[in-house]
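[1] next comes the sequence, and after it the predicted model I'd like to discuss.
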Amino acid sequence: MKINTKRSIIALFAAAILALPVFAAGEPDNVTGLSATAVDSVSIGLSWNSAQDAEGGLVSYYRIYYGTTSVQMAGEGDYDTEVDTPDNSTSYIVEGLTPDTTYYFSATAIDSDDVESEAYSIEASAITMAEEVGDTTSPTVVDVEAVDKSHVTIEFSEPVILPDLLPEAAFSITQQINPSSVLEILTAEIDAEDETGATVMLGTADQALNVNYIVTAGVAVTDEAGNPIVSGSADSGLFLGTDTEPVVDGAEGEGEEEPVVDSEPTEPVVDDTGETEDTTPPEDITDFVLSYIEQVETFMIAMNWTASINSAKDLVDQILYQSLDLGNTYDSGTSLGTTATSHEISDLEGGVEYTFKITTKDSAGNESVGAVQSIRLPQTGIGIGLLLLGSVAAAGGILRRKQK
């Protein structure tokens, strides 16, 4: 791939506070406000301000330049790689990077005539996370089943360890269509009938017949390597409430013991017209990723995800919920529409752990369990002094014009 060569120019001292766009007839604005944050060992998330074309409209897309050497600090050379964003969204995740490596990024804007802005943006950098070794795979919920009206089994992907103190507090059960309705959990223990140790038996209050429940395992549940459950769709499962009485071992009684029979299969719910009622929500979103970008004294959280497959083609909304207590309670939710696959929230306080859940909703009002992710922000955002210092240090190579 051929990389455009750009030559250095001297930046004005005003660049210590704000990179001023360099205007040229018919060219889009230069990109400003570029920030970079590591997502994992092979990915870095970028965010920047919107740029306008020569006529004052939004540009068509952006071009990301990056490499392992700072071009602007050196005042010469070229970036190793370039990639175009799919649209004019102001965030992008660069993938396929090397773990524990510093990468330098710059960006330009491209208008509808494929005219590129005159100069690179101010350079941003981030270090990919170190690659983890050993067992780093967290356990996931494989299956949930009501044994009887007061017992539920949860099968995990591998053997799990429960906390010694109040293990039942590591789980929660709510009704699917009414999350505020909680089913009390009385006991939690490893199921003695599963020799692998991968099944947990919950003792509950009496369930309501034919009600869909969601059981969620918390981060206090770990595997034998100490990897905790990760919040998201893999930490929960659905089961149907039953009124089957528990079987009591060794119970005495007169006459022949009646055999235990399976409960009758659940009949589909029908409405007043006799038609089958839709009780199945759209599939959840996947690949839900959070990253943060430092602002002056505050932070912005950028979210990206893959849309629901929406196999029933009845999805009417995606709803974003926010929690400050690790997902125990959420706010009333914000509509994201049907097509969004990214979202940003600005002016967030440092030193706080935020939990976000995105659900899908269909035209019948059915809402999915949701995909959940948490992120803890550092104690404070970057101070204005550090911002000025970084800008002055880069003043010699802030903008590099393209060769004519």
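    Looks like it arrived, so ask away.
[2] for the stretch 1-150 of the chain, just list every one of the strands.
    6-8, 35-38, 44-47, 61-67, 81-84, 91-94, 102-110, 124-127, 141-148 (DSSP state E, counting those that start in this stretch).
[3] any chance of those in TSV, plus mean pLDDT?
    Converted to TSV, those look like this (pLDDT from 0 to 100):
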stretch	mean pLDDT
strand 6-8	41
strand 35-38	94
strand 44-47	96
strand 61-67	96
strand 81-84	96
strand 91-94	96
strand 102-110	96
strand 124-127	95
strand 141-148	94
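[4] quick one: residues contacting residue 31.
    48-49, 51, 62, 107-109, 117, 121 (C-beta atoms under 8 Å, 6 or more residues apart in numbering). The C-beta positions use only the backbone N, C-alpha and C, and glycine is treated the same way.
[5] let's see 7 Å
    48, 51, 62, 107-109, 117, 121 (C-beta atoms under 7 Å, 6 or more residues apart in numbering).
[6] ok, now residue 224?
    159, 161.
[7] where's it relative to residue 61, distance?
    As judged by C-beta to C-beta, to the nearest Å, residue 224 and residue 61 stand 47 Å apart.
[8] what residues go with each domain of this protein?
    The chain breaks down by automatic domain parsing into domains covering 6-132+385-402, 141-229, 286-382.
[9] show me the two of the contacts of residue 31 that sit farthest apart.
    Pairwise distances across the contacts of residue 31 (C-beta to C-beta) peak at 11.7 Å, for the pair 48 and 117.
[10] more neighbours: which of these two?
    residue 117 (26 against 23; other C-beta atoms under 10 Å).
[11] quick one: residues contacting the more buried one.
    27-31, 51, 108-109.
[12] now the strands of the stretch 1-150 of the chain in CSV, with mean neighbour count and distance to residue 318?
    Output for those, formatted as CSV (neighbours: other C-beta atoms under 10 Å; distance: least, C-beta to C-beta, whole Å):
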stretch, mean neighbour count, distance to residue 318
strand 6-8, 17, 40
strand 35-38, 21, 23
strand 44-47, 24, 20
strand 61-67, 21, 24
strand 81-84, 15, 26
strand 91-94, 20, 17
strand 102-110, 23, 28
strand 124-127, 18, 28
strand 141-148, 17, 23
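[13] relative to residue 295, which of these is closest?
    Judging the strands of the stretch 1-150 of the chain by C-beta to C-beta, what sits closest to residue 295 is strand 35-38, at 8.2 Å.
[14] distance from that closest one to the middle of the chain?
    How far strand 35-38 lies from its chain's middle: 16 Å, per C-alpha atoms, centre = their mean, to the nearest Å.
[15] any idea of the mean pLDDT in stretch 207-220?
    Computed over stretch 207-220, the mean pLDDT rounds to 93.
[16] distance from it to the middle of the chain?
    22 Å.
[17] which residues sit against that stretch?
    So stretch 207-220 is contacted by 141, 144, 146, 149, 152, 154, 163, 170-177, 183, 228-229, 235-243, 266, 369 (C-beta under 7 Å, 6+ apart).
[18] just the buried ones from those residues?
    Burial by neighbour count, judged by 16 or more other C-beta atoms under 10 Å, picks out 141, 144, 146, 149, 152, 154, 170-176, 183, 228-229, 235-237, 239-242, 369 from these.
[19] just the ones in helices from the contacts of stretch 207-220, please.
    Using DSSP state H to define helices, no part of the contacts of stretch 207-220 is located there.
[20] thinking again about what came up before, any chance of JSON lines for the contacts of residue 117, columns distance to residue 310?
    JSON lines is the format used below for these (distance: C-beta to C-beta, whole Å):
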{"residue": "27", "distance to residue 310": "40"}
{"residue": "28", "distance to residue 310": "35"}
{"residue": "29", "distance to residue 310": "36"}
{"residue": "30", "distance to residue 310": "39"}
{"residue": "31", "distance to residue 310": "34"}
{"residue": "51", "distance to residue 310": "32"}
{"residue": "108", "distance to residue 310": "35"}
{"residue": "109", "distance to residue 310": "32"}
